[in-house]
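Visitor: I'd like to go over a predicted model; first the sequence, then the structure.
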2 protein chains.
Amino acid sequence: MSKPLTKNQILVLDTLKAAPKPQTAYSLLEQLKEHGLKAPPQIYRALEKLLTLGLIHKLESINSFVACQHSDCAHQIAGFAICDGCDQVSEIIDDNLESQIRSVAKTAGLVPKKSTMEIHGLCRSCKGSEA
Amino acid sequence: MSKPLTKNQILVLDTLKAAPKPQTAYSLLEQLKEHGLKAPPQIYRALEKLLTLGLIHKLESINSFVACQHSDCAHQIAGFAICDGCDQVSEIIDDNLESQIRSVAKTAGLVPKKSTMEIHGLCRSCKGSEA
DNA sequence: CCCAAAGTGTTATAATATAACGTAAACAGT
DNA sequence: ACTGTTTACGTTATATTATAACACTTTGGG
């Protein structure tokens, strides 16, 4: 019995799903002004909710948000490969990643709750077209 | 033959080394006002340089900076375990982490350049004293 | 029906980061 | 030493990202 998303949450989620690359809160706001949204908190609230639902992810290293690329990955642990050339992002689910995270956490004596892994570089296409 | 650090770079680095937990740029500025620093760019410039030298790390998920905990961090690849209770951070060098990152990057077809892994949770001490 | 929880719209402001300008110091090559 | 180049400096102003606070509305359970 999960509650349906609200209008603003749907607007934000749909915009992220349709976007070819990560969006900042303010770029979302810009796009959603035609739908009546006017102020940052409206965006940030929707984003926060979508994050807790696991429907989107925040890329901390670029202050941007992406729709989850896996239908229901609410609690999976993902890595993100970010191309600095074209901003394309791949969300990678790797079986070893979770155990890797547990290993690092254990070394530090930390009970892990939330984690991010973000890899920056150049995708094949951008690598090929370097100056 | 590495160039010596400049005055501002040393001030920022020393402050980070002495700090018990990650510092934001503005908290560094606050502390360094007594040494004559006055404006954000002075801090951000020093931070940027120290980052490229591998002497400090940025924790993207909390917009904060820490001194590298390993004498000569040629290790551009580290994992960070961050306690949300007391803000203590452990920098973990794990041999598997680099190969893990390469693996994720390869899956995405990305040539990796820079990466971050940040794990949030509670350290033993904070876990024990939960309400 | 009533209450509590969650969401809304709004204004204002906090926190983080960079642009742009002119000057000065460091340094390599002649 | 002189030049040009690179790097750093100090400064003012501004851009970008994110939240506080308030009053109101919607939602859904008991």
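Guide: Ah, there it is.
Visitor: Get me the contact residues on chain A for chain B.
Guide: Contact residues (Cβ under 8 Å from any Cβ of the partner chain) of chain A with chain B: A:60-61, A:79, A:81-84, A:90, A:92, A:94, A:96-97, A:100-101, A:103-105, A:107-124, A:127. From N, CA and C alone the C-beta is placed, and that goes for glycine too.
Visitor: let's see 7 Å
Guide: Within chain A, the residues that sit near chain B (Cβ under 7 Å from any Cβ of the partner chain) are A:60-61, A:79, A:81, A:83, A:90, A:92, A:94, A:96-97, A:100-101, A:103-105, A:107-124, A:127.
Visitor: Quick one: buried ones out of these?
Guide: A:60-61, A:79, A:81, A:83, A:90, A:92, A:94, A:97, A:100-101, A:103-105, A:108-112, A:115-123 (16 or more other Cβ atoms under 10 Å in any protein chain shown).
Visitor: Return the subset of these lying in helices.
Guide: Among those, the residues falling in helices (DSSP state H) are A:97, A:100-101, A:103-105, A:108.
Visitor: out of everything not next to it in sequence, what's closest to A:I62?
Guide: A:P22 (6.3 Å; Cβ to Cβ, 6 or more residues apart in numbering or on different chains).
Visitor: Kindly provide the distance from that neighbour to DNA strand D.
Guide: 10 Å (Cβ to the nearest atom of the strand, to the nearest Å).
Visitor: Mind putting the ones in helices among the buried ones among the residues of chain A next to chain B into CSV with pLDDT?
Guide: Shown next, in CSV, are those (pLDDT from 0 to 100):
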residue, pLDDT
A:L97, 88
A:Q100, 88
A:I101, 92
A:S103, 90
A:V104, 90
A:A105, 93
A:A108, 94
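Visitor: contact partners of the strand ranked longest in chain A?
Guide: The residue-count maximum for a strand in chain A (DSSP state E) belongs to strand A:110-123. For strand A:110-123, contacts defined as Cβ atoms under 7 Å, 6 or more residues apart in numbering or on different chains pick out A:59-61, A:77, A:79-86, A:88, A:97, A:101-102, A:105, B:61, B:81, B:83, B:101, B:104-105, B:109-123, B:127.
Visitor: now that strand, how far from the centre of its chain.
Guide: Chain-centre distance of strand A:110-123: 11 Å, with Cα atoms, centre = their mean, to the nearest Å.
Visitor: ok so, going back, if we check DNA strand D, which of the contacts of strand A:110-123 are in contact?
Guide: By Cβ under 7 Å from any atom of the strand, no member of these lies near DNA strand D.
Visitor: picking up where we left off before, partner strands of the longest strand of chain A, with direction?
Guide: strand A:78-83 (parallel), strand B:110-123 (antiparallel) (DSSP bridges).
Visitor: State the distance from the residue nearest to the spatial centre of chain A to DNA strand D.
Guide: Here the mean C-alpha position of chain A is nearest to the C-alpha of A:H57 (Cα atoms, centre = their mean), at a distance of 2.5 Å. Using Cβ to the nearest atom of the strand, A:H57 is found at 13 Å from DNA strand D.
Visitor: So what pairs up with that residue in the strands?
Guide: Taking DSSP bridges, one finds A:V66 as the beta-bridge partners of A:H57.
Visitor: Thank you kindly, that will do.
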